[in-house]
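1. quick one: sequence and predicted model below, then my questions.
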Amino acid sequence: MRQHPSARLLTILGTVFVVLFSLGPLLPALLVSLSRTGTLVSFPALSLTLDHYRTVLSSPTLKFGRALGNAVLLSLTASLLAVGTALLGAFALRLLPPRRRPFLLLSVLALSLFPQISIIGALYRAYSNLGLINVLLALAPPYAALFLPLVLWLLHALLQTVPRELDEAARVDGAGDTTILARILVPLSLPGILSAFLLVFVQGFNEFLYALMLLVDPNARTVSVAIAMFEGLHGRIPWGETMAAAVIASLPAVLLALFCQKWIIAGLTKGAVK
């Protein structure tokens with residue numbers, strides 16, 4: 001069906017508005033990172049340079065490349081742990097009678113009401129006694145637990161959209177719970193699972209409090225803590241280097257979203273026909 005010109009114009013304008021709204025916070029940061037003065041005060045006569053990026057990537061005191069790698073590794077591990085655990089929990093809830101699910105879901109949600117600052121003291125003491133301070137991947141379980149209630153609710157709602165007739169047909173053919181989850185529910189729910197994975201990855205990548213308290217060693221810091229330490233390292237606020245680091249730090253999430261986009265589209269086109 002051919003689209004009306006006015007509807008097509010509204011679609012284009014809406015798309016442009018969404019793109020500009022999404023890129024709005026990034027454009028000033030990009031301009032400051034490229035500005036030779038590190039500010040936008042001289043915007044009419046803006047002089048562009050890559051010096052701030054060279055400083056961020058090459059400075060031995062900042063160790064930004066290591067912090068970026070630490071954040072990516074920690075976020076990927078926490079995302080896999082959170083989504084895997086939530087997927088098993090959502091499947092277990094799918095097998096329970098409907099009247100028992102609300103209590104369990106609300107109980108899990110109640111655990112997420114505690115602010116991070118209220119448990120960081122006990123967590124620091126436990127990690128100190130176990131010798132896990134400055135152990136990067138030791139933060140993966142707290143990260144996963146932090147985001148698990150949200151992911152569980154998302155995946156529970158997602159699995160409820162898959163018809164139960166598919167489960168019953170698979171059981172008639174002799175499939176067990178593991179086969180149903182791995183061969184039916186996961187492929188049909190793959191777009192939503194990847195969306196939940198991306199959500200946890202971004203949240204874990206930007207997490208600050210746990211990383212600040214439990215990763216004291218500069219070699220174990222994540223990128224959010226490394227950027228916050230720029231002021232202390234320089235004795236001032238280096239806006240050019242800070243914005244350059246922020247632009248670089250946004251790339252892993254963008255690249256991961258672009259990479260997973262084809263899988264999300266593939267999952268949407270498969271459906272239950274296959």
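-> Received, thanks.
2. using PDB, write out every CA atom in the strand or helix carrying residue 15.
-> Assignment of secondary structure by DSSP states H and E places residue 15 within helix 5-23. The C-alpha trace of helix 5-23 is given here as PDB (Å, rounded to 0.1, in the frame of the first residue of the first chain):
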ATOM      1  CA  PRO A   5       2.600  12.100   1.300                       C
ATOM      2  CA  SER A   6       1.500  13.800   4.500                       C
ATOM      3  CA  ALA A   7       1.900  10.600   6.500                       C
ATOM      4  CA  ARG A   8       5.300  10.000   4.900                       C
ATOM      5  CA  LEU A   9       6.400  13.600   5.800                       C
ATOM      6  CA  LEU A  10       5.200  13.100   9.400                       C
ATOM      7  CA  THR A  11       7.100   9.800   9.600                       C
ATOM      8  CA  ILE A  12      10.300  11.500   8.400                       C
ATOM      9  CA  LEU A  13       9.900  14.400  10.800                       C
ATOM     10  CA  GLY A  14       9.200  12.100  13.700                       C
ATOM     11  CA  THR A  15      12.300  10.000  12.900                       C
ATOM     12  CA  VAL A  16      14.500  13.200  12.600                       C
ATOM     13  CA  PHE A  17      13.100  14.400  16.000                       C
ATOM     14  CA  VAL A  18      13.800  11.100  17.700                       C
ATOM     15  CA  VAL A  19      17.400  11.000  16.300                       C
ATOM     16  CA  LEU A  20      18.100  14.600  17.300                       C
ATOM     17  CA  PHE A  21      16.600  14.000  20.800                       C
ATOM     18  CA  SER A  22      18.700  10.800  21.200                       C
ATOM     19  CA  LEU A  23      21.900  12.500  20.000                       C
END
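3. show the subsequent helix or strand relative to it.
-> Counting by DSSP H and E, the next helix or strand C-terminal to helix 5-23 is helix 26-34.
4. distance from the chain centre to that following helix, please.
-> Between the mean C-alpha location of helix 26-34 and the chain-wide mean there is a distance of 23 Å, by Cα atoms, centre = their mean, to the nearest Å.
5. what are the ranges of the strands in the stretch 51-200 of the chain?
-> Assigned by DSSP state E, counting those that start in this stretch, the stretch 51-200 of the chain shows no strands.
6. what about stretch 90-103, how long is it end to end?
-> Criterion Cα to Cα, to the nearest Å; first-to-last residue distance in stretch 90-103 is 14 Å.
7. list the buried residues in that stretch.
-> Of the residues in stretch 90-103, 90, 91, 93, 94 count as buried by neighbour count, 16 or more other Cβ atoms under 10 Å. Placement of C-beta: from N, CA and C, glycine included.
8. and the first one, what is it in contact with?
-> Translated: residue 90. Contact partners of residue 90, counting by Cβ atoms under 8 Å, 6 or more residues apart in numbering, are 152, 155, 156, 158, 159.
9. and for the fourth one, the neighbour number?
-> Translated: residue 158. Here the number of neighbours of residue 158 (other Cβ atoms under 10 Å) works out to 19.
10. confidence score at it?
-> In this prediction, residue 158 carries a pLDDT score of 88.
11. ok, it to residue 27 distance?
-> Separation of residue 158 from residue 27 (Cβ to Cβ, to the nearest Å) stands at 34 Å.
12. and for the second one?
-> For residue 155, the distance to residue 27 (Cβ to Cβ) stands at 35 Å.
13. more crowded one of these two?
-> Set side by side, residue 155 and residue 27 give different neighbour counts by other Cβ under 10 Å, the larger being at residue 155 (25 against 10).
14. which element is the residue lying closest to residue 212 once chain neighbours are set aside on?
-> Sequence neighbours aside, residue 225 is the residue nearest to residue 212 in space, at 5.2 Å (criterion: Cβ to Cβ, 6 or more residues apart in numbering). If you go by DSSP H and E, residue 225 is part of helix 223-228.
15. give me the contact list for that helix.
-> 62-64, 67-68, 70-71, 205-208, 211-212, 215, 242, 245-246, 249.
16. from the residues you listed, which land in helices?
-> Per DSSP state H, helices hold the following members of these: 64, 67-68, 70-71, 205-206, 211-212, 242, 245-246, 249.
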